[in-house]
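Asker: Show me the folded form of this:
(4 chains)
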Protein chains: 2
Amino acid sequence: MLEMKRLRLLWELSARGTVAAVAEALNYSPSAVSQQLALLEREAGVPLLRKAGRTLELTAAGEALVADAEQLLAGLERAEASLHRSHPEVTGTLRVSIFQTALLAMMPRTLRRLRAEHPLLRVEMVQHEPETALHETWARGFDLVVAEQYPGHAAAHFTGLDREPLTGDPISLALPPLGAGDTAFDDASSLADAASLPWVMEPHGAASRHWAEQACRSAGFEPDVRYETADLQAHVRLIETGNAVALLPGLVHIGASHRLRLVELPGRPHRSIFTAARISSAGHPALVAVRRALQIEAAALVRE
Amino acid sequence: MLEMKRLRLLWELSARGTVAAVAEALNYSPSAVSQQLALLEREAGVPLLRKAGRTLELTAAGEALVADAEQLLAGLERAEASLHRSHPEVTGTLRVSIFQTALLAMMPRTLRRLRAEHPLLRVEMVQHEPETALHETWARGFDLVVAEQYPGHAAAHFTGLDREPLTGDPISLALPPLGAGDTAFDDASSLADAASLPWVMEPHGAASRHWAEQACRSAGFEPDVRYETADLQAHVRLIETGNAVALLPGLVHIGASHRLRLVELPGRPHRSIFTAARISSAGHPALVAVRRALQIEAAALVRE
DNA sequence: GATAATATGAAGGAGAACTGAATCTTTGGA
DNA sequence: TCCAAAGATTCAGTTCTCCTTCATATTATC
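Answerer: Residues are numbered from 1 along each chain as shown, chains lettered A, B, ... in the order given. Below you'll find the model as predicted:
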């Protein structure tokens, strides 16, 4: 009888591409993964893998087995969720991936609430930017991911992931407080006014970067991006100190007392924040509880 | 992650009722099964079993997990069959359960054919009477069962088993050769004539026994069952030597030169012979090959 | 009430699985 | 073109899981 553990390895290999990545993800040595895959292949009686350069690729039989393994893994996960549902308390460990701003704005209260309501629930949290986090959650690295999506930038869709909207986060133009920078900053009161000011933006590749550039071009100018950092807290500091302007989502200001001038943008654009989990684990009580707590805290933020 | 091997044990426990029976079926010691089930229960985090007298019974959570396990086991078996299908030759081992008469009549030629056509296929055969064999095949003790069914005695139906008719086997009245017994035997030439003769029949519980008694009663008498044995070869000997009469299926005479007087019964009743396999394994090439060979040999018998 | 059947626990041994070091191959740059 | 980095695999050794045996407790049966 084929072992689930080995099928898992094959599936992970198909999802991650290299033995090394699989080993890394599952806290094994590459050697262990290689040996177990070799064993699986012997049990299967059919070649599943073939060398392709320095990595491996799946044979047709391998692909077919991966597809079956995916079904089986999902079924197993559903069975486990079902087991947890027959437990009177919410128990177990949930691994959450979340991006910086949402972590700072929502998780402190969410975690306290969960600890109070479900003392047996263990939540593990890792800060990760959405692009990689979605794939990682699909590949069973996390159970729940809190991710964002900018208008016109649908985040990659993974079949097998269940998405649930959490909240909208309005984006506004953030300017230094009056007198903090030179007068050019003080004179600005709209997006178009920021045409010649220095900008801070996230690096290329981030959805927010692309969206911000588009917004500037719609307003008729090419932004002078002088500073790049993925850390929105750094954005805030650069703006507060009169060095730059930026388009910042509202969540950045939660729980902090920034001295910024905020200008609403025409059309009140916003990014949407959502959670995603594997469909097969969506019935797990721990997952349901964490999502529920997030919904409550997200709603509370909007009311403020 | 739950182990398939442990889920299998839980499923077997539900199918067989006692830890001892599961251990017996899987060639483990009862202690091993007990320990693995205890481990499964710990992993599950919920009680799955409860003591009921000196055996165990499933809790509601246990029942639910058994149902999930059944799905998963079927899925795994399908995946394995699918793997074998991508192998150019028919390979692997197939465990067949078959009852005595069919074994003697059909298997010698079937096995020779299979060895010639599929040298890599290993067929294991165990002689078993149909009643237990069907359950055992359902419970994964065998992969294929050749069983019989008497008119008006539908064999127990297992959901999850796939049944395929093989052939019909006409039943006739078997009398000693003329002069072999006393003259009462020689005078008989119909079922009714056998009313006062000594009978040999299978033991109570066998479908054939029940059917034979019914047949006698329909003919207007209660048979004098003086000898009981499940071995139809013994029936033949007792009849040949002028000791008894019996209702015998035609397959008994295949490949042997018996000196019996056979009398056709009105309505030409027959038992039907069929094969059954788990649906999840029905696509396995080894299974397909053996069934095909059986069909061919069964058809050849009918032509004789 | 004796005996057989059932489940389980402790101790020890066999085998599976994992780690670490060494080797080979491929790839991407300097 | 050659070197360094990344990937996969093999081997030897260690760790850990699982299984068997033996002993015990409990329940059912005659």
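Asker: OK, contacts around the most centrally placed residue in chain A?
Answerer: The residue lying closest to the centre of chain A (Cα atoms, centre = their mean) is residue A:130, at 2.8 Å. Residue A:130 makes contacts with A:99, A:145, A:147-149, A:155, A:207, as judged by Cβ atoms under 8 Å, 6 or more residues apart in numbering or on different chains. For glycine as for every other residue, the C-beta is placed from the backbone atoms N, C-alpha and C.
Asker: So is stretch A:74-91 next to chain B?
Answerer: Yes: applying Cβ under 8 Å from any Cβ of the partner chain, one finds stretch A:74-91 touching chain B at A:75-76, A:78-80, A:82-84, A:86-87, A:91.
Asker: Tabulate those (JSON lines), appending secondary structure, pLDDT and neighbour count.
Answerer: Below are those laid out as JSON lines (DSSP: H, G, I helix; E, B strand; the rest coil; pLDDT from 0 to 100; neighbours: other Cβ atoms under 10 Å in any protein chain shown):
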{"residue": "A:75", "secondary structure": "helix", "pLDDT": "97", "neighbour count": "18"}
{"residue": "A:76", "secondary structure": "helix", "pLDDT": "97", "neighbour count": "24"}
{"residue": "A:78", "secondary structure": "helix", "pLDDT": "97", "neighbour count": "20"}
{"residue": "A:79", "secondary structure": "helix", "pLDDT": "97", "neighbour count": "20"}
{"residue": "A:80", "secondary structure": "helix", "pLDDT": "96", "neighbour count": "22"}
{"residue": "A:82", "secondary structure": "helix", "pLDDT": "96", "neighbour count": "16"}
{"residue": "A:83", "secondary structure": "helix", "pLDDT": "96", "neighbour count": "22"}
{"residue": "A:84", "secondary structure": "helix", "pLDDT": "96", "neighbour count": "21"}
{"residue": "A:86", "secondary structure": "coil", "pLDDT": "94", "neighbour count": "18"}
{"residue": "A:87", "secondary structure": "coil", "pLDDT": "94", "neighbour count": "15"}
{"residue": "A:91", "secondary structure": "coil", "pLDDT": "94", "neighbour count": "16"}
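Asker: which helices and strands does the helix or strand residue A:77 falls within pack with?
Answerer: Assigned by DSSP states H and E, residue A:77 belongs to helix A:60-85. For helix A:60-85, the packing partners by 3 or more Cβ pairs under 8 Å, 6 or more residues apart in numbering or on different chains; DSSP states H and E come out as helix A:4-16, helix A:285-303, helix B:60-85.
Asker: what angle sits between that helix and helix A:4-16?
Answerer: Put simply, helix A:60-85 runs at 110 degrees to helix A:4-16, going by axes from the mean of the first three to the mean of the last three Cα atoms, to 10 degrees.
Asker: orientation of whichever helix or strand comes after helix A:60-85 relative to helix A:285-303 in degrees?
Answerer: Sequence order places strand A:92-98 as the next helix or strand after helix A:60-85, per DSSP H and E. Here strand A:92-98 runs at an angle of 40 degrees relative to helix A:285-303 (the same axes, to 10 degrees).
Asker: residue in the stretch 151-300 of chain A nearest to DNA strand C?
Answerer: residue A:205 (17.0 Å; Cβ to the nearest atom of the strand).
Asker: so is that residue in a helix, a strand, or just coil?
Answerer: Three-state call for residue A:205 (DSSP: H, G, I helix; E, B strand; the rest coil): coil.
Asker: what number of residues lie near it?
Answerer: Using other Cβ atoms under 10 Å in any protein chain shown, residue A:205 has 10 other residues around it.
Asker: Run through the residues that contact the closest residue to residue A:16 other than its chain neighbours.
Answerer: Among residues not flanking residue A:16 along the chain, residue A:22 sits closest, at 5.4 Å (Cβ to Cβ, 6 or more residues apart in numbering or on different chains). Under the criterion of Cβ under 8 Å, 6+ apart, the neighbours of residue A:22 are A:9, A:12-13, A:16, A:28, A:33.
Asker: Contacting DNA strand D as well, which ones from these?
Answerer: Restricting these to those within reach of DNA strand D (Cβ under 7 Å from any atom of the strand) leaves nothing.
Asker: measure residue A:89 to residue B:39 for me?
Answerer: 22 Å (Cβ to Cβ, to the nearest Å).
Asker: whoops, I mixed them up, residue A:258
Answerer: For residue A:258, the distance to residue B:39 - Cβ to Cβ - is 54 Å.
Asker: Next: residue A:119.
Answerer: 26 Å.
Asker: So which residue of chain A lies furthest out from the middle?
Answerer: Distance-from-mean max, chain A, by Cα atoms, centre = their mean: residue A:45 at 39.5 Å.
Asker: residues from chain A in reach of chain B?
Answerer: When proximity is defined as Cβ under 8 Å from any Cβ, chain A approaches chain B at A:1-5, A:8, A:44-46, A:60-61, A:64-65, A:68-69, A:71-72, A:75-76, A:78-80, A:82-84, A:86-87, A:91-92.
Asker: redo that, cut-off 6 Å
Answerer: A:4, A:44-46, A:61, A:68, A:72, A:75, A:79, A:83, A:86-87 (Cβ under 6 Å from any Cβ of the partner chain).
Asker: which of the residues you listed lies closest to residue B:183?
Answerer: residue A:45 (65.1 Å; Cβ to Cβ).
Asker: returning to that earlier point: which one of the contacts of residue A:22 is nearest residue A:252?
Answerer: The closest of these, once distances to residue A:252 are taken by Cβ to Cβ, is residue A:16, at 32.9 Å.
Asker: The closest one: neighbouring residues, count only.
Answerer: The number of residues near residue A:16, taken as other Cβ under 10 Å, comes to 19.
Asker: Next: the one 5 residues further on.
Answerer: By the criterion of other Cβ under 10 Å, residue A:21 has 17 neighbours.
Asker: Next: residue A:190.
Answerer: 13.
Asker: cool, the one 5 residues further on as well?
Answerer: The burial metric for residue A:195, expressed as a neighbour count using other Cβ under 10 Å, is 15.
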